[in-house]
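J.: what would the 3D arrangement of this be:
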Amino acid sequence: MPSFDFTSEADMVALKNAVDVAARQIDNRYDFKGTAAKVEIDEKNKTITLHGDSEFQLDQIKDLLFPAMEKKEKDSVKRLDVQKLQSVSGNKVKQEMKIRDGIDSDLAKKIVKLIKDAKLKAQASIQGDAVRVSGKKIDELREAITLVRSQITDFPIKDGNYRD
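T.: Residues are numbered from 1 along each chain as shown. All right, here's what the predicted structure looks like:
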């Protein structure tokens with residue numbers, strides 16, 4: 001019976017590359033000279049940290065970072081879980097953005113419900129941080145892919161691991 005998996009894994013190499021590109025742009029900008037403006041990535045904890053002198057400056061850093069991320073990996077900005085702004089010593093501020101990896105249980109349940117409610121001849125089951133969809137014909141699986149991609153637009157989902 002044919003099957004495939006819906007997954008969502010962050011391409012950490014592409015994200016690190018995008019952060020490096022943004023960091024070089026920050027270093028080259030005249031208005032950031034002599035300020036605390038910088039961007040860092042922690043691959044182990046999967047977080048991106050923005051440092052700056054003000055909230056306005058953090059917004060400028062995001063304006064550099066987000067297009068670089070989108071250029072390296074499509075929809076990667078939707079993967080970020082932006083935390084609250086934190087005041088650091090003096091008048092400096094920082095903001096962390098967690099990189100969500102994998103499909104969480106709420107989204108997995110939503111995908112399974114979508115497929116069941118559409119009355120497709122395909123079964124969906126949650127397999128850890130992925131959703132496996134199986135059916136008798138490949139055309140039924142293609143319908144499931146089209147349905148999920150059209151309905152779930154707020155988080156990047158990939159389909160893969162096709163088996164016949």
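J.: which residues in the chain form strands?
T.: Here the chain has its strands, by DSSP state E, at 3-7, 38-42, 47-52, 80-88, 92-99, 122-127, 130-135, 158-163.
J.: tell me which other helices or strands the second one touches.
T.: Taking 3 or more C-beta pairs under 8 Å, 6 or more residues apart in numbering; DSSP states H and E as contact, the helices and strands that strand 38-42 lies on are helix 12-28, strand 47-52. Every residue, glycine included, has its C-beta placed from N, CA and C.
J.: what residues of the longest one count as buried?
T.: What that stands for is helix 12-28. Ala14, Leu15, Asn17, Ala18, Val19, Val21, Ala22, Ala23, Gln25, Ile26 (16 or more other C-beta atoms under 10 Å).
J.: output these as TSV; include the columns pLDDT and distance to Lys62.
T.: Output for the buried residues of helix 12-28, formatted as TSV (pLDDT from 0 to 100; distance: C-beta to C-beta, whole Å):
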residue	pLDDT	distance to Lys62
Ala14	90	18
Leu15	90	14
Asn17	93	17
Ala18	91	12
Val19	91	12
Val21	92	14
Ala22	92	9
Ala23	92	13
Gln25	92	12
Ile26	90	11
